[in-house]
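K.L.:
From the sequence below, what's the structure:
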Amino acid sequence: MGLVILFLVACGGSAQRSAVPVFGKRFSTKVIALCERVLAEKKAEPRFPFAAFNPTKPDRSKLPAIGRYESRGVQIFRNWLRRMRALGTPALGQSAWTALLKPLKAHARIIADQQAAASRSDGAAFTREYHAGNKAEERMVTAADHAGVPVCATAAGT
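P.N.:
Sure thing, here's the model as predicted:
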């Protein structure tokens, strides 16, 4: 689980949302199952090692360890995006699908950039990516709500 994601949970995860199958029942079922698998992967990650860490005022001495910790989160997001794209394009709700993939792609880039910033002890870049992650999380919640796949927002924010 990436640090961005860890702190996003504290800012509020997704609540119960609409279950309208915007993509059609079959495609929505596949998306939901995939997001549930990602959520399980993220929940299985070890706890973040620095409970009192403040991403807006990062302790640079902790950043290399955080960078190592975040490497797994980077892989989870990259694999998630790849697997979502592998589902293809739904027959229904193509604009909602594009809207859902956009913040997921942003999350994958942001967590990778934040992990790289942590690895090089760049506190300013680390904090920038933290804030970018918050914005991407907001977009993911909106897109997942609209698409009727709230578990995808939950997975992104866990």
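K.L.:
how about the helices in this structure?
P.N.:
Using DSSP state H, the helices found in the chain span residues 3-10, 25-43, 63-86, 94-119, 123-147, 150-157.
K.L.:
Point out the most buried one among these.
P.N.:
Highest mean neighbour count among the helices of the chain (mean count of other C-beta atoms under 10 Å): helix 150-157, with a mean of 25. In short, each C-beta sits where N, CA and C put it, glycine included.
K.L.:
Report the distance from stretch 126-138 to the chain centre.
P.N.:
10 Å (C-alpha atoms, centre = their mean, to the nearest Å).
K.L.:
pLDDT on that stretch, on average?
P.N.:
Averaged across stretch 126-138, pLDDT comes to 96.
K.L.:
Dump the helices of the chain to a markdown table, plus distance to residue 56.
P.N.:
Shown next, in a markdown table, are these (distance: least, C-beta to C-beta, whole Å):
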| stretch | distance to residue 56 |
| --- | --- |
| helix 3-10 | 9 |
| helix 25-43 | 22 |
| helix 63-86 | 13 |
| helix 94-119 | 13 |
| helix 123-147 | 6 |
| helix 150-157 | 18 |
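K.L.:
so which of those comes closest to residue 50?
P.N.:
helix 63-86 (7.0 Å; C-beta to C-beta).
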